[in-house]
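A.B. asks: mind folding the following:
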Amino acid sequence: MTLTKRISAEFIGTFWLVLGGCGSAVLAAAFPELGIGFAGVALAFGLTVLTMVYALGHISGGHFNPAVTVGLTVGGRFAARDLVPYVVAQVLGAIAAAAVLYFIATGKAGYDIAVNGLAANGYGEHSPGGYSLQAGVVSEIVMTFGFLVVILGATSRAAPSGFAGIPIGLALTLIHLVSIPVTNTSVNPARSTGPALFVGGWAIEQLWLFWVAPIVGAVLAGLVYNWLGSED
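C.D. replies: Residues are numbered from 1 along each chain as shown. Just a heads-up that it's a prediction; the model follows:
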């Protein structure tokens with residue numbers, strides 16, 4: 001596939017992830033009577049990845065996440081020359097999805113982004129559970145590390161072919177079940193960037209964490225999996 005087609009697939013896939021995952025939090029979880037709660041939001045994020053890995057994975061590899069692209073590059077699974085175009089496409093896809101989500105959300109009378117939010121990530125007073133910066137850093141590094149280990153393992157030549165989307169989607173669901181209370185779960189710098197640009201203020205001030213920590217976790221996973229998978 002040409003680079004243009006691959007980054008277009010990354011744009012669409014990341015758009016779907018942010019629209020589906022963040023949309024479930026903003027449009028559905030905000031209403032207790034619908035009953036989806038944290039578990040429903042976690043499942044929504046997992047389903048977005050699962051569906052798009054099968055829909056577009058054969059075109060672009062199905063990263064939809066700058067941390068995944070970095071981790072796969074460090075792990076020797078992705079060409080470094082294409083890293084920047086992939087990350088740019090992913091971030092633009094996330095911003096476009098946040099714009100669509102914001103437009104839909106404002107269609108309800110009384111919606112106020114300062115009050116209702118847009119599923120932005122945060123720590124301290126902006127953590128859903130009031131968790132500290134230190135807790136957020138550790139959570140994001142460890143969760144991204146685990147996510148990349150699953151991705152590297154599920155897409156290795158030794159793994160059964162055609163099934164990678166299932167463990168990857170389930171892993172993202174599990175990650176959200178654990179860490180939504182801590183940071184609202186990022187493990188994806190693009191996913192964090194889109195909503196933060198619309199929320200502004202504190203969300204942009206805290207955005208650095210949701211770039212640095214996931215990328216650190218991804219780099220560590222790439223290095224560790226390289227060692228685990230190497231021949232002695």
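
A.B. asks: and the helix or strand bottoming out on mean pLDDT in the chain, what's buried?
C.D. replies: Within the chain, no helix or strand scores below helix 113-116, which has a mean of 88 by mean pLDDT, DSSP states H and E. If you call a residue buried by 16 or more other CB atoms under 10 Å, then helix 113-116 has these buried ones: I113. Heads up, the C-betas are built off the backbone N, CA and C, glycines and all.

A.B. asks: same for it, what does it pack against?
C.D. replies: Using 3 or more CB pairs under 8 Å, 6 or more residues apart in numbering; DSSP states H and E, the elements in contact with helix 113-116 are helix 83-105, helix 189-199.

A.B. asks: deepest-packed of those, please.
C.D. replies: When you average the neighbours per residue for each of the helices and strands packed on helix 113-116 (mean count of other CB atoms under 10 Å), helix 189-199 leads with a mean of 27.

A.B. asks: which residues sit against it?
C.D. replies: If you take CB atoms under 8 Å, 6 or more residues apart in numbering as the criterion, helix 189-199 is touched by 14, 17-18, 21-22, 64-67, 87, 90-91, 93-99, 101-102, 113-114, 117-121, 186, 203-204, 206-207, 210-211, 214-215.

A.B. asks: what pLDDT is listed against the residue nearest the centre of the chain?
C.D. replies: The residue lying closest to the centre of the chain (CA atoms, centre = their mean) is N188, at 3.5 Å. Looking at N188, its pLDDT reads 98.

A.B. asks: for it, give me its contacts.
C.D. replies: L17, F64, N65, P66, A67, V68, F210, P214.

A.B. asks: return the distance of it relative to V26.
C.D. replies: Per CB to CB, to the nearest Å, N188 is found 17 Å from V26.

A.B. asks: where in the protein is pLDDT low?
C.D. replies: Residues of the chain meeting the criterion pLDDT under 70: 30, 32-35, 231-232.

A.B. asks: 80 - rerun?
C.D. replies: The model of the chain has pLDDT under 80 over residues 29-35, 229-232.

A.B. asks: how about the helices in it?
C.D. replies: Using DSSP state H, the helices of the chain run over 3-23, 37-60, 66-74, 83-105, 113-116, 133-154, 165-183, 189-199, 202-205, 209-229.

A.B. asks: got those helices as TSV, with distance to F31 columns?
C.D. replies: Output for these, formatted as TSV (distance: least, CB to CB, whole Å):
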stretch	distance to F31
helix 3-23	13
helix 37-60	10
helix 66-74	31
helix 83-105	12
helix 113-116	11
helix 133-154	27
helix 165-183	17
helix 189-199	19
helix 202-205	22
helix 209-229	26
